[in-house]
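K.L.:
Quick one, what's the 3D model for this:
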Amino acid sequence: MISDVYTGDDVLHWLGTPEATRYARTLVARPRFPAADAVADDVLQTARLNVWTRMRNGPLVVDNPAAYGTTVLRQTANRIAQGRLATDDLPPDDDLGDDRNQVPGASSGDPTATEVVDGDRPSALDELDSLRVVVECTPVRHPWVTSAMLSLVILWAYPDVRLDGVPAPRAGARPDQALLWPALWFAGQRLHFPEDRDDTQTRNRKNQARSRMQRQVSSSYEAAVMRFRNERGSDRG
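P.N.:
A predicted model of the protein is given here:
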């Protein structure tokens, strides 16, 4: 009998299930994570991007999406516990090629990414993690705003990550606006993206709601960046 074969898309689907969320919360419900609730979302977001990074090197085939996903989550949580933002937290039997242990490259779109992520500085990942902590501590009205901001941090830091299957604005959008689409998508706000079957009224309603959400994320992210810069300046001064 031939066993079922699953792909990276099946792993990504599992990482978006309540089961994955519960497992991530279990992983961080330990003394090493003082802010466990906030870190759980970060573990999930980073794990998803790790899988996407693996998929860009070629087809990812697994026997059990849940088993593979739990391994990714566990390794991601372990790396974050050690103070490193994980970019290669995949099961060790996978061949990640040149992506393994790479320091993220700077993005030209966001000055914060350029300042924080510099491969020539050994403290690059430490500062990126510090920015993540500031984002997590930024007060917001809704939890999904924090989740979207954490996605922005990772997306700015790793501009080469392929986002196949994720909604994107029309060509010509500013880099910061373009990244708000996948950030909201990763944060679970997927009902606010138009679908082919939507009529004009539904499409307009979704676009208006998403624009309001983008402004919330953008303003909160800018506040977090300003706070990060001020704190970094104080530490160096």
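
K.L.:
all strands of the chain, in order?
P.N.:
With DSSP state E applied, the chain shows strands at 6-7, 61-62, listed in chain order.

K.L.:
gap between residue 16 and residue 141?
P.N.:
Using C-beta to C-beta, to the nearest Å, residue 16 is found at 23 Å from residue 141. To be clear about C-beta, it is placed using only N, CA and C from the backbone, and glycine gets the same treatment.

K.L.:
Could you pick out the longest helix of this structure?
P.N.:
Using DSSP state H to assign secondary structure, the helix with the most residues in the chain is helix 200-236.

K.L.:
who's in contact with residue 147?
P.N.:
When contacts are counted by C-beta atoms under 8 Å, 6 or more residues apart in numbering, residue 147 touches 41, 45, 186, 187, 188.

K.L.:
Could you look over the strands of the chain and pick the most buried one?
P.N.:
Comparing the strands of the chain on average neighbours per residue, with mean count of other C-beta atoms under 10 Å, the densest one is strand 6-7 at a mean of 16.

K.L.:
That one - which strands sit beside it in the sheet, and in what orientation?
P.N.:
strand 61-62 (antiparallel) (DSSP bridges).

K.L.:
re earlier: higher neighbour count, residue 16 and residue 141?
P.N.:
The residue with the greater number of neighbours, taking residue 16 and residue 141 and applying other C-beta atoms under 10 Å, is residue 16; the counts read 15 against 8.

K.L.:
Torsion angles phi and psi at that one?
P.N.:
As for residue 16, its main-chain torsions (degrees, to the nearest 10) stand at phi -100, psi 10.

K.L.:
residues contacting it?
P.N.:
Applying C-beta under 8 Å, 6+ apart, the residues contacting residue 16 are 48, 188.
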